[in-house]
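[1] Need the 3D shape of this:
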Amino acid sequence: MTEAPLLTILCLASYEKGVDFMRECHEHGCRVLLLTQSHLADSAFWPRDAIDHFFYMPDMYNRQDVVYGVSYLSRTETIDRIVALDDFDVEMAAALREHLRIPGMGDSTARYFRDKLAMRVKARDEGILVPEFMHVLNYDHLRGWMERVPPPWVLKPRSEASSVGIKKITESEQLWRTLDTLGDRQSFYVLEKYIDGDVYHVDSIVVDREVVFAETHRYAHPLLDVTHGGGIFCSSTLLRGSEDERALHDHNRHLLRSLGLVRGVSHTEFIKGRNGEFYFLETSARVGGAYIPEMVKAATGINLWREWARIEIGGRKQPYSVPVPRHDYGGILISLARQEHPDTSAYQDQEIVWRLDKHHHVGLVVGSPDPDRVQWLLAEYSRRIANDFYASQPAPQRPTA
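    The predicted structure follows:
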């Protein structure tokens, strides 16, 4: 029987992401090509032993240049898969797949996982509860919407990631002033009713349109509040078997099936309003940021990056099947630090399973079979980190993690 040829996988990474993904592909015998930003050429982050060739672009967001570059590369390379390792690369990867006719998510579906307007319209049409929203386009429609929907509102860029570029609006004059500063970029924004409540995220693995693995979590504070108001980022596993967990699993399955995710991974956020209802906020076709995969691994033993790689390269020898997960609990804390190299050696509880190594940042992941122990550690470490390390700075224009 003839051995199937090795797959060549082109990874797009405009930020430092995806070490475990590339290592998993390499360990399965795939050729790994990495296309990244020129200024990241000398980064120590990349797993150079797992990458066959590096390619660089000065601007990963110039579609014509990237299409030209990858098309030129294809004169000598047979590319079997194109994978976007960062949220900002999802649309570019889709455009390249369309242009080169490579299997995977195309332009139309990619919009549902990047464009906050497209995903909201599709979700609403599929009967999924979303906060009331309005495309910033026609001023008469916008005035009518603001008369009907009382403030506060949230002005969101349609194609940014995390809470980057989001602005809370408290009255109509503030909105008009903000739109004046946006000029011709206004139509790239969506205005949404601000929902007060707790924010949850579901991190999933999808195979053949079915969610085969999903973990639910709750942020201690909404990411928008942390990014724009300061504080410590914190999230933890939701109580297993709880009513909220079951509801989020149902909403997540309905959403991802409706948006058309065929295979891969997803990070999806919902907010639970004070009325007890869950509203869909946003989703993605990539592994969650802010080191959330480390928390998922602490609770379940599942490495989302490696499982994503197995899905991409699966089918050559045997169909993909997700490993049997543990059902422990995980928690994560991340903060900016006053110190360039913060020393967390005084944090010695046995539940610590991961520590962040990044300049002017401090971060810990804990894991335990006991949810109460995880919550106690998160509360205690939040207090200690605030005293030992905490620093703040203005919200970034682009994410750094």
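[2] Could you tell me how many residues sit around residue 366?
    Neighbours of residue 366 under the rule other Cβ atoms under 10 Å: 27. Using the backbone N, CA and C atoms, a C-beta is placed for each residue, glycine as well.
[3] Check whether it sits in a helix, strand or coil.
    When classified by DSSP: H, G, I helix; E, B strand; the rest coil, residue 366 comes out as strand.
[4] list the contacts for it?
    298, 330-332, 349, 351-353, 374, 377-378, 381 (Cβ atoms under 8 Å, 6 or more residues apart in numbering).
[5] any idea which residue sits dead centre in the protein?
    residue 288 (3.3 Å; Cα atoms, centre = their mean).
[6] wait, isn't that residue in contact with residue 203?
    Yes. The pair residue 288 / residue 203 is scored as a contact, 5.3 Å apart, by Cβ atoms under 8 Å.
[7] hey, what's in contact with both of these two?
    Jointly contacting residue 288 and residue 203 under the rule Cβ under 8 Å, 6+ apart are 267, 304.
[8] okay, now residue 83: neighbour count?
    Residue 83 has 23 neighbours, counted by other Cβ under 10 Å.
[9] Over to it: give its phi and psi.
    In terms of degrees, to the nearest 10, the main-chain angles of residue 83 are phi -130, psi 130.
[10] Leaving aside the residues adjacent along the chain, what's closest to it?
    Spatial nearest neighbour of residue 83, excluding adjacent residues (Cβ to Cβ, 6 or more residues apart in numbering): residue 11 at 5.2 Å.
[11] What are the boundaries of the helices in the stretch 1-150 of the chain?
    Along the stretch 1-150 of the chain, counting by DSSP state H, counting those that start in this stretch, helices occupy 19-27, 63-73, 90-100, 107-112, 116-125, 139-148.
[12] Which of those sits closest to residue 357?
    Closest approach to residue 357 among the helices of the stretch 1-150 of the chain (Cβ to Cβ): helix 19-27, 12.5 Å.
[13] which residues sit against that closest one?
    Identification of contacts with helix 19-27 by Cβ under 8 Å, 6+ apart yields 7, 9, 11, 32, 34, 45-47, 49-51, 83, 85, 287, 303, 305-306, 308-310, 312-313.
[14] Go ahead and produce PDB holding the CA coordinates of that helix.
    Taking Å, rounded to 0.1, in the frame of the first residue of the first chain, the C-alpha atoms of helix 19-27 are listed here in PDB:
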ATOM      1  CA  VAL A  19       3.900  26.900  19.000                       C
ATOM      2  CA  ASP A  20       2.100  23.600  20.000                       C
ATOM      3  CA  PHE A  21       0.100  23.600  16.700                       C
ATOM      4  CA  MET A  22       3.300  23.700  14.700                       C
ATOM      5  CA  ARG A  23       5.100  21.200  16.900                       C
ATOM      6  CA  GLU A  24       2.100  18.700  16.600                       C
ATOM      7  CA  CYS A  25       2.200  19.100  12.800                       C
ATOM      8  CA  HIS A  26       5.900  18.500  12.700                       C
ATOM      9  CA  GLU A  27       5.700  15.400  15.000                       C
END
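[15] Quick one: distance of stretch 300-312 to the chain centre.
    Using Cα atoms, centre = their mean, to the nearest Å, the mean C-alpha position of stretch 300-312 is found 15 Å from that of the whole chain.
[16] okay, now residue 237: neighbour count?
    Count around residue 237 with other Cβ under 10 Å applied: 26.
[17] Hmm, I typed the wrong one, I wanted residue 159.
    Neighbour count of residue 159, defined by other Cβ under 10 Å: 18.
[18] so what's it scoring on pLDDT?
    Residue 159 is assigned a predicted lDDT (pLDDT) of 86.
[19] Hmm, it is touching residue 188, no?
    Yes. At 7.0 Å, residue 159 and residue 188 qualify as touching, with contact defined as Cβ under 8 Å.
[20] residues touching the residue nearest to residue 83, list them.
    Residues near residue 11 by Cβ under 8 Å, 6+ apart: 18, 21-22, 32-35, 83, 85.
[21] Now flag whichever of the contacts of residue 366 is closest to residue 196.
    The shortest approach to residue 196 among the contacts of residue 366 belongs to residue 378, at 22.4 Å (Cβ to Cβ).
[22] how about the helix or strand harbouring the closest one: buried residues?
    According to DSSP states H and E, residue 378 maps onto helix 371-388. For helix 371-388, the neighbour count (16 or more other Cβ atoms under 10 Å) marks 371, 373-378, 381-382, 385, 388 as buried.
[23] And stretch 183-194, end to end?
    End-to-end distance for stretch 183-194, by Cα to Cα, to the nearest Å: 23 Å.
[24] Averaged pLDDT, it. What do you get?
    96.
[25] so residue 295 makes contact with residue 365?
    Yes. Using Cβ under 8 Å, residue 295 is in contact with residue 365, at 5.3 Å.
[26] Comparing the two, which residue is more hemmed in?
    The residue with more neighbours, out of residue 295 and residue 365, is residue 295; 28 against 24, by other Cβ under 10 Å.
[27] which residues touch the more buried one?
    Applying Cβ under 8 Å, 6+ apart to residue 295 gives the contacts 217, 235-237, 330-332, 365.
[28] sec struct for it, please.
    Put simply, residue 295 is helix when judged by three-state DSSP.
[29] Return the distance of it relative to residue 190.
    As judged by Cβ to Cβ, to the nearest Å, residue 295 and residue 190 stand 29 Å apart.
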